[in-house]
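**Student:** model the following, please.
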Amino acid sequence: MPLVALAVVTALVAKAIGGWVAGIGPMVIVLGAGMLWGNVVRARRQHDEEEGDAEC
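**Tutor:** Have a look, this model is predicted:
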């Protein structure tokens, strides 16, 4: 009997974690893409400033 209870608890926990991951997954992807885009824009801006300094 304890083995069955353990299996049920494990299944419920796995389902809860799966639902949480499914709910938060798209948000993590959007945040990650935003951070990556911010780094790209910052690097471009810094590169442009360095080129501007070299020209002057």
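**Student:** host element of the residue nearest in space to the middle of the chain?
**Tutor:** Computing the C-alpha centroid of the chain and ranking residues by CA atoms, centre = their mean puts residue 28 first, at 3.5 Å. Residue 28 is located in helix 2-55, with elements delineated by DSSP states H and E.
**Student:** how far out from the middle of the chain is that helix?
**Tutor:** For helix 2-55, the separation from the chain centroid amounts to 0 Å (computed by CA atoms, centre = their mean, to the nearest Å).
**Student:** now it: average pLDDT?
**Tutor:** With pLDDT averaged residue by residue, helix 2-55 scores 86.
**Student:** what's that helix packed up against?
**Tutor:** Helices and strands touching helix 2-55, by 3 or more CB pairs under 8 Å, 6 or more residues apart in numbering; DSSP states H and E: there are none. For glycine as for every other residue, the C-beta is placed from the backbone atoms N, C-alpha and C.
**Student:** quick one: neighbours of residue 24, just the number.
**Tutor:** Other residues within reach of residue 24, judged by other CB atoms under 10 Å, total 11.
**Student:** and residue 16, by the same measure?
**Tutor:** Residue 16 is flanked by 10 other residues according to other CB under 10 Å.
**Student:** please consider this matter closed, and thank you.
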